[in-house]
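# would you be able to build a 3D model of this:
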Amino acid sequence: MGFSLFSLICFLHSAIATTTGILMMFYMSDIYSLTHGAEVATKLIGSTGRDQLLIRTSDSFSGLLLFAIGLLVFMVGFVKDKEFHSFFAKGCILLHASMAVWRFNFERRVEDLAWDWLRLLVGDVLLALSWLFFLLHSWKDKYD
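Sure thing, here's the model as predicted:
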């Protein structure tokens, strides 16, 4: 097999991060309308011109950061060191678990996002589980 399980998981996570980053940079108002409806989207976009500019700039920088993270995860997929794989997977599990805790504790309290936090929380848990399954698989190979 040309690519390891680690590489495949990295490429999957990279594709998710880069695609989401591009969408955040260029199509955030459309995504707001699609996911939250037109009424909530107008609240999330801002009421004044200055607010709208700040929110668009913030969304663009967040998308750029997510795009860069996706590229870095893509590059990490080519690393061959097994110890690094384990270290990286543990860090990713911690990152996704932290995001899930953040969503549960804070995002669900935001009135306009209250119904959306559960879907995002499930996504964070699934992404963390993919790394956990990788760790379990690598431990099985290591100790068998």
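# I'd like to know which helix or strand in this structure has the lowest mean pLDDT.
helix 38-45 (a mean of 79; mean pLDDT, DSSP states H and E).
# tell me which strands and helices the helix or strand that it is followed by is in contact with?
For helix 38-45, the following helix or strand on the C-terminal side (DSSP states H and E) is helix 49-76. The helices and strands touching helix 49-76, judged by 3 or more CB pairs under 8 Å, 6 or more residues apart in numbering; DSSP states H and E, are helix 5-26, helix 28-36, helix 38-45. For every residue, glycine as well, the C-beta is placed using N, CA and C.
# give me the phi and psi for Ser47.
Dihedral angles of Ser47 (phi, psi; degrees, to the nearest 10) stand at phi -100, psi -30.
# what about the closest residue to Leu23 other than its chain neighbours, how many residues nearby?
Of all residues not flanking Leu23 in the chain, Ile31 sits nearest, at 6.0 Å (CB to CB, 6 or more residues apart in numbering). With neighbours defined by other CB atoms under 10 Å, the count for Ile31 comes to 16.
# what about the protein, any weak spots by pLDDT?
Within the chain, the stretches with pLDDT under 70 are 1-2, 112-114, 144.
# what domains does the record give for it?
Listed by automatic domain parsing, the domain ranges of the chain are 1-78, 81-144.
# contacts only, for the spatially most central residue of the chain.
In the chain, the residue lying closest to the centroid (CA atoms, centre = their mean) is Ala17, at 5.8 Å. Shown in contact with Ala17 (CB atoms under 8 Å, 6 or more residues apart in numbering): 66-67, 69-70, 73.
# check the gap between the nearest residue to it once chain neighbours are set aside and Thr19 for me.
Excluding its sequence neighbours, the residue lying closest to Ala17 (CB to CB, 6+ apart) is Gly70, at 3.2 Å. Gly70 sits 8 Å away from Thr19 when distances are taken as CB to CB, to the nearest Å.
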